[in-house]
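Visitor: Could you work out the structure for the sequence below:
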Amino acid sequence: MFRLLGLLAALDLRLNRIRFNFVPLNLALAGVLLWGVSLGVARVLDGPGDVAPRTVTVADLAAGRVATGSFVRVSGFIEPGLILELGKRGPGGKLESVRERLRLLHDAGTQAIWIAPGSAAVEPWTRATFVGMVRPLPQAARDATFREGRAIGSRVPSTGVLVEHGAQPRSFVSGAAHLALCAPPLALLAWVWIKRRQIFRPGPCATAVASSADDAIDLRVSGRLRLDARTSRQFVEVPAGLGWMEGGGLSVAANVDASSYLMGLRAIAREGLWTLAIPAGATLSVVVGEMAFGSGVRPAARVVVRVGGRVSERLTLTFGSGAQRDRVLTFLSSVFVPHRAAA
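Guide: I've put the predicted structure just below:
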């Protein structure tokens with residue numbers, strides 16, 4: 001799970017840099033997963049529903065005595081030569097594409113309802129039985145009915161509901177499947193966001209890497225860095241270095257181009273040295289461990305900086321080896337006083 005979260009953190013960061021209609025792709029993915037979870041919860045709460053269709057009449061449906069969402073069986077005659085086409089209309093109101101074709105069902109009386117027969121074959125002069133779900137009548141069909149003055153020939157169609165032939169009731173099993181497919185990745189993604197993509201595990205590093213004391217330190221930092229007094233940003237695993245500040249103290253600095261681009265052109269320039277200051281006199285709380293990001297796991301140290309007893313900064317440092325981590329932590333302990341919790 002630790003490595004999986006590290007892979008997900010790197011993937012989330014990559015998707016965050018991709019925009020679709022100015023929306024980060026990771027947010028769009030989270031929205032889809034949230035929709036799936038909401039749909040699954042709704043279906044599970046609905047329960048198994050009607051397992052067998054309820055037999056109703058055209059008059060029952062036309063009078064509004066059957067609730068929408070009901071699974072029904074209804075019989076009647078299809079009005080010959082009458083098809084209501086619904087779809088996308090272009091300029092001037094002309095129908096460009098047909099999404100659905102509705103037929104008028106009656107029981108030899110004046111009352112009638114719209115029915116969506118789908119691909120079912122219909123014979124106008126033969127009594128037919130349709131099984132499906134009761135749905136609210138689309139607004140376009142309602143408008144078309146009112147334009148005809150409520151009566152179409154000798155029939156008076158209902159403007160409240162239609163029957164969608166072949167549709168099945170909401171399935172408890174499909175709701176559980178939605179939850180099983182969408183809830184775990186959404187929970188993992190939420191956890192990655194809570195951790196700000198810093199998947200840290202305290203304890204000794206499981207992957208030891210040999211290094212010499214003369215090796216250059218491969219340091220990376222995760223945390224909120226500042227470009228200037230007004231600009232700050234959260235970074236994850238960016239190459240960094242340590243430097244002295246004027247008046248004492250250390251800074252963790254990373255040279256990063258975090259500019260924003262629009263259609264290939266730089267919209268907001270944020271290029272330069274991003275820093276995190278550890279002022280002189282600060283106390284440090286350090287927890288050693290390892291951090292997973294992408295396919296790699298690196299020795300790490302989580303550092304909490306306190307100034308005047310209050311937390312001022314939180315950062316995670318990762319290193320090319322455990323020996324490099326020990327060298328840097330030894331140096332930090334020689335410059336700053338370790339924080340000790342009050343007894």
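Visitor: Please make it C-alpha for all contacts and neighbour counts, starting now.
Guide: OK.
Visitor: which parts of stretch 276-283 are buried?
Guide: 276-280, 282-283 (16 or more other CA atoms under 10 Å).
Visitor: Then stretch 175-191?
Guide: 175-179, 182-183, 186, 188-189.
Visitor: How far off centre is it?
Guide: 10 Å (CA atoms, centre = their mean, to the nearest Å).
Visitor: what does the domain assignment say about this structure?
Guide: The chain resolves into domains spanning 2-49+176-194, 54-165, 199-338 when parsed by automatic domain parsing.
Visitor: Tell me which residues are up against the helix or strand containing R220.
Guide: Per DSSP states H and E: R220 is located in strand 219-226. Strand 219-226 has contacts (CA atoms under 8 Å, 6 or more residues apart in numbering) with 198, 232-241, 252, 274-276, 314-320.
Visitor: Could you single out the nearest of the buried residues of stretch 276-283 to A30?
Guide: L276 (30.6 Å; CA to CA).
Visitor: Distance of that closest one relative to G289?
Guide: 21 Å (CA to CA, to the nearest Å).
Visitor: Same question for V303.
Guide: 11 Å.
Visitor: Among the two, which residue is more densely surrounded?
Guide: With neighbours defined as other CA atoms under 10 Å, V303 and G289 compare such that G289 has more, 20 against 17.
Visitor: Bridged to the more buried one, which residues?
Guide: For G289, the beta-bridge partners under DSSP bridges are P202, A300.
Visitor: Just confirm it contacts T316, I think it does.
Guide: No: look at G289 against T316 with CA atoms under 8 Å: they stay out of range, at 10.1 Å.
Visitor: Put the alpha carbons of the strand or helix carrying E237 into PDB.
Guide: Assigned by DSSP H and E, E237 belongs to strand 232-239. What follows is strand 232-239, C-alpha atoms only, in PDB (Å, rounded to 0.1, in the frame of the first residue of the first chain):
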ATOM      1  CA  SER A 232       4.300  30.500  -2.400                       C
ATOM      2  CA  ARG A 233       3.500  27.100  -3.600                       C
ATOM      3  CA  GLN A 234       3.500  23.500  -2.500                       C
ATOM      4  CA  PHE A 235       6.200  21.300  -4.100                       C
ATOM      5  CA  VAL A 236       6.900  17.600  -4.000                       C
ATOM      6  CA  GLU A 237      10.300  16.000  -4.500                       C
ATOM      7  CA  VAL A 238      12.100  18.900  -6.200                       C
ATOM      8  CA  PRO A 239      16.000  18.900  -6.200                       C
END
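Visitor: List the contacts of the residue nearest the centre of the chain.
Guide: Nearest to the mean C-alpha position of the chain, counting by CA atoms, centre = their mean, stands A30 at 0.9 Å. By CA under 8 Å, 6+ apart, the residues touching A30 are 186, 189.
Visitor: That one - that's part of a strand, no?
Guide: No: counting by DSSP: H, G, I helix; E, B strand; the rest coil, A30 is not part of a strand but helix.
Visitor: any low-confidence regions in the stretch 201-343 of the chain?
Guide: 205-215, 261-264, 339-343 (pLDDT under 70).
Visitor: can you pull out the helices in it?
Guide: 322-335 (DSSP state H, counting those that start in this stretch).
Visitor: My guess is F77 contacts A108. True?
Guide: Yes: when contacts are counted by CA under 8 Å, F77 is listed as touching A108 (7.1 Å).
Visitor: Pick out whichever of these two has more residues nearby.
Guide: Summary of the neighbour comparison: F77 and A108, criterion other CA under 10 Å, with F77 having more neighbours (21 against 15).
Visitor: quick one: the more buried one and H106, what's the gap?
Guide: For F77, the distance to H106 - CA to CA - is 5 Å.
Visitor: max-length strand in the chain?
Guide: What stands out as the longest strand in the chain, according to DSSP state E, is strand 71-89.
Visitor: Give me the sheet partners of that one and which way each runs.
Guide: In the sheet, strand 71-89 lines up against strand 54-55 (parallel), strand 95-106 (antiparallel), strand 128-136 (antiparallel) (DSSP bridges).
Visitor: Nearest to R147, out of those?
Guide: strand 95-106 (15.8 Å).
Visitor: Dump the following helix or strand past the closest one to PDB, restricted to CA.
Guide: On the C-terminal side of strand 95-106, the nearest following helix or strand under DSSP H and E is strand 111-116. The C-alpha trace of strand 111-116 is given here as PDB (Å, rounded to 0.1, in the frame of the first residue of the first chain):
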ATOM      1  CA  GLN A 111     -56.500   9.400 -22.500                       C
ATOM      2  CA  ALA A 112     -53.000   8.500 -23.700                       C
ATOM      3  CA  ILE A 113     -49.400   8.500 -22.700                       C
ATOM      4  CA  TRP A 114     -46.100   8.800 -24.500                       C
ATOM      5  CA  ILE A 115     -44.000   5.700 -24.700                       C
ATOM      6  CA  ALA A 116     -40.400   5.200 -25.700                       C
END
